[in-house]
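Visitor: Sequence plus predicted model, see below.
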Amino acid sequence: MKAVICTKYGSPEVLQLQEAQKPKCGSHDLLIKVMATAVNSADVKVRSLAIKGFLKPLMRVVLGLKKPRKPVMGTVYSGIVEEVGDSVTQFKPQDKVFGSTGFHFGTYAEYLSVKEHSPVCLMPESASFEEAAALIFGGQSAHFFLEKARLSQRSKPKVLIIGSTGSVGIAAIQIAQYYKAEITVVCSSSSEALMKTLKVERMIFYDRDDFIKQPNRYDILFDAVGCTKGKSCRHLLNPEGKFVSVDGLSYATETKVQLEFIKTLFEKGEMKAIIDRTYSLEEMQHAHAYVATGRKKGNVVIRVTN
């Protein structure tokens, strides 16, 4: 099978399309023909090991000292079940599924083997493979951090989302809308049209105003890009307010529950997949280079199989 191998840490050119061994299907496994995956900011950090401070040597221990220990990168996928193990009970061949692999990686390939009890679910019925792949990273990350801030337990909370145009920020907007939150976003003025398509009414443009100096107070501050520190905006929180950020030691844990939640929202029409660009597996270097610019809006999707 074809797979994109990360030959060492570095620029997008370290990603090479090569022939690799097709994974085997164990008794508790699903062998999945991958139809689509996505490139996100976390993938770029792993490929380049662009991590600051004491976390960098820690990540070398976790990921591999000189190159990724698991050379096939990628953490999200949508595809078709080709084979199931003898002990599998929840899935069957030809099921359309979507899911995430976390630190197991392996989705930049034509085939993937995952455990039945890993974060994998049937795809939203009306979603294309590209849409399904685009929903996962942002949806799971936003769900994790907003639940950490007890979003679902609050009544009509006021939520400020910092960095609202990436995959996590866009998913956070839609999840907060589902819980009837009053949403304000921080983004560039060039993103106004995108925010309006998501029915966001309150916007602070960071290229015009400093959101730190605004008079409003919020129940949740969610930094979806990791560009601020909690102490710098603590004064914007209500007494029971909570600041959460994708930056730091806390990383989103992927679960089946999150996928079922995303699937439900999509099927109800309360979550959309925002896709900026789509590339082929052969164009993985270009996809990584684009995501590394920090200019993507929403998601960058890789079409693995036509």
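Guide: On my side now, so go ahead.
Visitor: can we go C-alpha only for contacts and neighbour counts from here?
Guide: OK.
Visitor: Show me which helix runs longest in the protein.
Guide: Using DSSP state H, we find that the single longest helix of the chain is helix 129-148.
Visitor: which residues are in contact with the next helix-or-strand element following that one?
Guide: As assigned by DSSP states H and E, the chain's next helix or strand after helix 129-148 is strand 158-162. The contact list for strand 158-162 (C-alpha atoms under 8 Å, 6 or more residues apart in numbering) reads 169, 172-173, 176, 181-187, 217-225.
Visitor: So which helix or strand of the chain has the lowest pLDDT on average?
Guide: helix 55-63 (a mean of 81; mean pLDDT, DSSP states H and E).
Visitor: confidence score at the nearest residue to Pro215 once chain neighbours are set aside?
Guide: Spatial nearest neighbour of Pro215, chain neighbours left out: Leu236 (7.7 Å); criterion: C-alpha to C-alpha, 6 or more residues apart in numbering. pLDDT recorded at Leu236 is 97.
Visitor: and if you look at Phe54?
Guide: In this prediction Phe54 is given a pLDDT of 74.
Visitor: next one: the longest helix of the chain to chain centre, how far?
Guide: On the basis of C-alpha atoms, centre = their mean, to the nearest Å, helix 129-148 sits 5 Å off its chain's mean C-alpha point.
Visitor: now for that helix, which elements pack on it?
Guide: Packed against helix 129-148 by the contact rule (3 or more C-alpha pairs under 8 Å, 6 or more residues apart in numbering; DSSP states H and E) you find strand 29-39, strand 76-84, strand 96-100, helix 167-178, strand 237-245, helix 256-267, strand 299-303.
Visitor: Only the buried residues of that helix, if you could.
Guide: For helix 129-148, a neighbour-count test (16 or more other C-alpha atoms under 10 Å) marks 129-146 as buried.
Visitor: Any stretches of the stretch 151-300 of the chain with poor pLDDT?
Guide: Within the stretch 151-300 of the chain, the stretches with pLDDT under 70 are 248-251.
Visitor: what about Glu125, is that helix, strand or coil?
Guide: Following DSSP: H, G, I helix; E, B strand; the rest coil, Glu125 is assigned to coil.
Visitor: Look up how far Ile175 lies from it.
Guide: 19 Å (C-alpha to C-alpha, to the nearest Å).
Visitor: Compare these two and say which is more crowded by neighbours.
Guide: Higher neighbour count among Glu125 and Ile175: Ile175, with 23 against 13, using other C-alpha atoms under 10 Å.
Visitor: just to revisit the earlier point, can I get the helices and strands packed on helix 129-148 in CSV including distance to Lys45?
Guide: Shown next, in CSV, are the helices and strands packed on helix 129-148 (distance: least, C-alpha to C-alpha, whole Å):
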stretch, distance to Lys45
strand 29-39, 11
strand 76-84, 15
strand 96-100, 17
helix 167-178, 15
strand 237-245, 16
helix 256-267, 23
strand 299-303, 15
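Visitor: Give me the distance from the least confident helix or strand of the chain to the chain's centre.
Guide: Distance, centroid of helix 55-63 to centroid of chain: 21 Å (C-alpha atoms, centre = their mean).
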